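1. When you get a sec, could you give me coordinates for this:
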Amino acid sequence: MNVALLKSLNALRARRQAAILTTDVKTGAQQLFERGAAPQDGALREELAARFLSGKSGAVDDVFFAVYLPPPRLVIIGAVHISQHMIGPAQAAGFDVTVIDPRTAFASEDRFPGVALHAEWPDEILRDQPLDAYTALAALTHDPKIDDGPLKAAFEAECFYIGALGSRKTHAQRVARLVEAGVSEEALSRMDAPIGLDIGAASPAE
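-> Coordinates of the predicted model:
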């Protein structure tokens, strides 16, 4: 790989941008494609889209596709009891976990040891660590002042999972606020709310 391509690839990875490096195994010629690239060659365009989706590297005919995807990330808004129980399974599944809550009484190292914890307003943290398509967002505070901004940012960033805690009444009010803030109804249909699977859970751990 030439130095210019390597620098471009490293810059994309540093920004958590997905990339695919193609190599012609006969000639050694290489090209670098970002997610969303639309080359004129239709077959190449379809192959790139499929590999960005699957995350799998591999060869097709005489071209090798090396896929570079950001590690999956879970951003939890709210340092609550449910958050504490989510962290272990998420980390075991390979997620980088970040917890954000401006309420210092909740966001303490004692309650969240060994995890990236920010006792600041989410908008401030997400300005420097923006959401992306390889991030899942879970909004758990019940407080619109804390949850709504990150939820709107998650839709704009096309996070692969967006979930929010709350009753049906709470969720209806949330939807109304987000529509007023400019989020489309089509986008809102992707939100998992009430968050989680219906397993008859009675405790935060469940």
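
2. Please count neighbours and contacts with C-alpha atoms only from this point.
-> Fine.

3. And E156, which helix or strand is it part of?
-> helix 144-157 (DSSP states H and E).

4. just D110 next, same as before
-> Here D110 is assigned to no helix or strand, by DSSP H and E.

5. Run a quick neighbour tally on it.
-> 8 (other CA atoms under 10 Å).

6. and it, what pLDDT?
-> Confidence at D110, expressed as pLDDT, is 92.

7. From here on, call the first residue 506.
-> Let's use 506 as the start, then, which means that last one is D615.

8. where's it relative to L622, distance?
-> 11 Å (CA to CA, to the nearest Å).

9. just to revisit the earlier point, so what touches the next helix or strand after the helix holding E661?
-> Later in the chain than helix 649-662, the nearest helix or strand by DSSP H and E is strand 666-669. Defining contact as CA atoms under 8 Å, 6 or more residues apart in numbering, one finds that strand 666-669 is touched by 640-645, 656, 659-660, 695-701.

10. starting at the chain centroid, how far to strand 666-669?
-> How far strand 666-669 lies from its chain's middle: 10 Å, per CA atoms, centre = their mean, to the nearest Å.

11. go on, stretch 645-664?
-> Using CA atoms, centre = their mean, the offset of stretch 645-664 from its chain centre is 12 Å.

12. what's the closest non-adjacent residue to the most centrally placed residue in the chain?
-> Residue closest to the average C-alpha location in the chain (CA atoms, centre = their mean): T640, at 0.9 Å. Residue nearest to T640 in three dimensions, not counting chain neighbours: R578, with 4.6 Å by CA to CA, 6 or more residues apart in numbering.

13. In contact with A524, which residues?
-> 514, 517-518, 537-540, 557, 572-574.

14. Generate a PyMOL selection restricted to the buried entries among these.
-> A single PyMOL command is used to select the members of the contacts of A524 judged buried by 16 or more other CA atoms under 10 Å:
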select buried, resi 514+517+518+537+538+539+557+572+573+574
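
15. Restricted to helices, list the contacts of A524.
-> 514, 517-518, 557 (DSSP state H).
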